[in-house]
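Q: Dropping a prediction and its sequence here:
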Amino acid sequence: MKKTLNSLIACFALTVGFSQTSNNPCPGVTPEYSHVVEAAAGGIRFTNETTGTTNENYSYSWEFGNGNTSNEKDPFVPFNEGVFQVTLTVIGQNGCQSAISKDVEFSYGGQ
């Protein structure tokens, strides 16, 4: 029993360690975005407002919580009505990643 428990603890520690090493935040980068509901067009326009203190070129990865993704800097995305968790990940040339997630609501009422 003790050997099995130690093995489980070691396995858990290795798993946690791997997820921490993949979390390499970009120094001096603050990911941020705003959005505007465009009900007549059936979606939301996102504006990337990420700030940073370095001159590195960044790429962007969006997950919209509705199955859609994008690598555009400022995407427009169609939505059905509802609340969705939208995540913007900023990726540096050195592999660093910083992300922000927010709940975003789409309705044809324009909220």
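A: Arrived safely, thanks for sending. Computed from a predicted model, the values in this text were never measured in an experiment.
Q: where are the low-confidence patches of the protein?
A: 1-23, 53-55, 110-111 (pLDDT under 70).
Q: residue boundaries of the helices in it?
A: 2-22 (DSSP state H).
Q: Show the contacting residues for the most centrally placed residue in it.
A: Nearest to the geometric centre of the chain sits residue 87, at 2.8 Å (Cα atoms, centre = their mean). Contacts for residue 87 (Cβ atoms under 8 Å, 6 or more residues apart in numbering) come out as 62, 63, 65, 99, 100, 101. Placement of C-beta: from N, CA and C, glycine included.
Q: Near the first one, how many other residues are there?
A: In terms of burial, residue 62 registers 20 neighbours under the definition other Cβ atoms under 10 Å.
Q: Excluding covalently adjacent residues, which one is nearest to it?
A: Among residues not flanking residue 62 along the chain, residue 70 sits closest, at 4.4 Å (Cβ to Cβ, 6 or more residues apart in numbering).
Q: Now for the one you found: which residues touch it?
A: 60, 61, 62, 64, 77.
Q: got a markdown table for the residues you listed, with distance to residue 25 too?
A: Output for the contacts of residue 70, formatted as a markdown table (distance: Cβ to Cβ, whole Å):
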| residue | distance to residue 25 |
| --- | --- |
| 60 | 15 |
| 61 | 15 |
| 62 | 18 |
| 64 | 22 |
| 77 | 25 |
